[in-house]
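Asker: The sequence isn't on hand, but the structure is:
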């Protein structure tokens, strides 16, 4: 029964060849030993961060042809090496170049990248694609606003790649940029944020989704109708973080990523922990709302999954101080109750906020308290 | 007469084609307008930093196909952009890969690069060649000794690319490295320095010569008999910094560099300001003593050129504190006199030191004073 259902689910192109190739890597040998080449996609086991750590300790991550190594921070202050071969660098670059072109980056543009290139993948995720596109790419690194402003002005930089908060600061200090590729912090997933950044820069700000394990995965286009997935580089799916089953397109869940052709350390159904929705359109796959939090600390409230990080993003979208908020759950007459306290200026649209919460989270908000001196306590689950 | 002489001087292969190609670039149009295609090499004008600044301001540095931009610090706190096309990145990488292979770097080695990748060329000069060779290259960036030690140990890093002082510190903290590619500070040009660094690391330390304008230009081999020039990437020559005439091979002078095939911002007889000697051997060109200072502040003493920076390197080679030294010149009975005062512990080999000075600089040292509290005043030229 499960097999019949799961075999109807979408799957990446050429599963058989993919599995047979990955089976030859030490990283997947054990995990795929019970999975036949003709297996349904849903029967392919997930890759977790924990499994990657174990594979590193067992010497299974190394690829003989790797030429580039980055580190990825992992929970507990530790790190893992990320290996890429020359072919990996090239194919990631080509897929990224196509995405940058769709976003409006043009060959010949001066592009300034304000992410770090030391140890961690940071700016490298952007560099190869921009160079492959033919953009004049300046790996500037983070910080040093004054110097960044100077090169933006003197070189006529048209495209900036940076965190939206940094871009906004540069804009407020006088930078005028035609196009911002925004990464590292939420942009589209916090209501109103894009508009503020665009006002400061005088240009268009587009959101992107990338990670050091997977590279560039999705990037908006000027249509601003979602982040278009790099379908020639990765296969993305969304699962129920509790059961691991695929959720229908359009529903929230945990993003899972598979590399289609990467040679060194390819990800096979890697659970990112990121929360998103996925939509298949004629021209490709999209993440319509970007990535809006992570699945950490998932709660079941009134039978519905509630992700505290997503609630924080929602508060931020209303200009409330999400760093000082309390999400409180309690029981009343045997039923779940939800309340939020958050730091902010008193306001008179509380009814509208509660309606928006219910629309977004499909859960009724039983209490909402906004006050300038609220001390956030995070999640308080006081149910019996 | 000059023409007859100069046409006998060594010149890069394919001058005609080189000049005709460079003539089409805005950077060289004016400078080469008076130079016929069949001109002797010595008639080709030098490129100076000042001319590069002027070209930047006139918009002459940009190349339509450039994909990478670094900044080069220029005197006065300013900077110039350095452009490279994809072909430039590839051909520099291939030439550098051959040099790294001669130095003993092997495909598959883990190589950790402790130079910066932000804004300035730094680690990028090393990255392309190491990747082209097939080494697993970790662009670590500068500093963070503890974290560097951890990756060296955990990844089994065999080759380190860093400044010799940083390598020595890592070695003293426990790092064991088979091969150090040393750059950014003098190594072979300060007597005894290599031995100290090698003792700390337990491996071989090799010297290299590179600049952000020219890339990697010369790298030692395990034979330790000089820095072998990347003859397929650059043409190096040594000139008299005063007259601009070529000096005979083996004589000290200012290093001048020409890119053989670079497309964007190629250097044509660029005066580096660096002081070196050049030797042509059957297998290629060498800089036998590395780069031992720069030509800034050149003095004529007893009819001989004396370069204060070279004197500082010489002092450092004897373990004296060259940051606190005075090079004093005065006249006596119409003749030049030279004296050195330097901070250091009292020692009894003053006669040997004076003999070494005379051998190295072809000038008799009239006074030498080493004391623990000497306050260096730099160069004091008190001649009439």
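Answerer: The structure has been received and is ready for your questions. As the structure is a prediction and not an experimental result, all values here were calculated from the model.
Asker: List of residues touching the longest strand belonging to chain A?
Answerer: In chain A, taking DSSP state E as the definition, the longest strand is strand A:321-332. Outside strand A:321-332, the residues that touch it by CB atoms under 8 Å, 6 or more residues apart in numbering or on different chains are A:299, A:301, A:308, A:311-313, A:315-316, A:336-344, A:367, A:374-384. Quick note: C-beta positions are derived from backbone N, CA and C, even for glycine.
Asker: Report the angle between the next helix or strand after that strand and strand A:321-332.
Answerer: Counting by DSSP states H and E, the next helix or strand C-terminal to strand A:321-332 is strand A:335-343. Here strand A:335-343 runs at an angle of 160 degrees relative to strand A:321-332 (axes from the mean of the first three to the mean of the last three CA atoms, to 10 degrees).
Asker: What is strand A:335-343 packed up against?
Answerer: For strand A:335-343, the packing partners by 3 or more CB pairs under 8 Å, 6 or more residues apart in numbering or on different chains; DSSP states H and E come out as helix A:308-317, strand A:321-332, strand A:367-371.
Asker: Can you give me the buried ones in the second one?
Answerer: Of all the residues in strand A:321-332, those buried under the rule 16 or more other CB atoms under 10 Å in any protein chain shown are A:321-322, A:324-330.
Asker: for it, the distance to its chain's centre please.
Answerer: 25 Å (CA atoms, centre = their mean, to the nearest Å).
Asker: Would you list the strands that it pairs with, along with their directions?
Answerer: Applying DSSP bridges, strand A:321-332 is found paired with strand A:335-343 (antiparallel), strand A:378-381 (parallel).
Asker: So for that strand, mean pLDDT?
Answerer: Mean pLDDT, strand A:321-332: 90.
Asker: Pull up the residues of chain A that are close to chain B.
Answerer: Contact residues (CB under 8 Å from any CB of the partner chain) of chain A with chain B: A:64-71, A:81, A:83, A:86, A:89, A:108, A:110, A:116-119, A:124, A:130-132, A:134-142, A:144, A:147, A:151, A:155.
Asker: Narrow those residues to those in helices?
Answerer: A:86, A:89, A:124, A:130-132, A:147, A:151, A:155 (DSSP state H).
Asker: Nearest to residue A:56 among those residues?
Answerer: residue A:124 (19.8 Å; CB to CB).
Asker: Redo the helices and strands packed on strand A:335-343 as TSV? Include distance to residue B:348.
Answerer: Formatted as TSV, the helices and strands packed on strand A:335-343 follow (distance: least, CB to CB, whole Å):
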stretch	distance to residue B:348
helix A:308-317	72
strand A:321-332	68
strand A:367-371	80
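Asker: for the stretch 101-250 of chain A, what are the low-confidence residue spans?
Answerer: Residue ranges of the stretch 101-250 of chain A with pLDDT under 70: none are present.
Asker: Can you pull the phi and psi angles for the residue of the stretch 201-350 of chain A found nearest chain B?
Answerer: Chain B sits closest to residue A:264 of the stretch 201-350 of chain A, with a gap of 9.4 Å, by CB to the nearest CB. Note on residue A:264: backbone dihedrals following degrees, to the nearest 10 are phi -100, psi 130.
Asker: State the distance from it to residue A:58.
Answerer: 16 Å (CB to CB, to the nearest Å).
Asker: Comparing those two, which residue is more hemmed in?
Answerer: Remark: of residue A:264 and residue A:58, residue A:264 carries more neighbours, 25 against 11, as counted by other CB atoms under 10 Å in any protein chain shown.
Asker: Nearest residue to the more buried one in space, please, no chain neighbours.
Answerer: Leaving aside its chain neighbours, residue A:264 sits nearest to residue A:63 (3.4 Å; criterion: CB to CB, 6 or more residues apart in numbering or on different chains).
Asker: count of neighbours near the one you found?
Answerer: 19.
Asker: One more: residue A:273?
Answerer: Neighbours around residue A:273, by other CB under 10 Å: 17.
Asker: what do you get for residue A:60?
Answerer: 17.
Asker: So it: helix, strand or coil?
Answerer: Look at residue A:60: counting by DSSP: H, G, I helix; E, B strand; the rest coil, its state is coil.
Asker: Might you report the residue contacts of it?
Answerer: A:25-27.
Asker: what about 10 Å?
Answerer: A:25-30, A:51-52, A:54, A:265 (CB atoms under 10 Å, 6 or more residues apart in numbering or on different chains).
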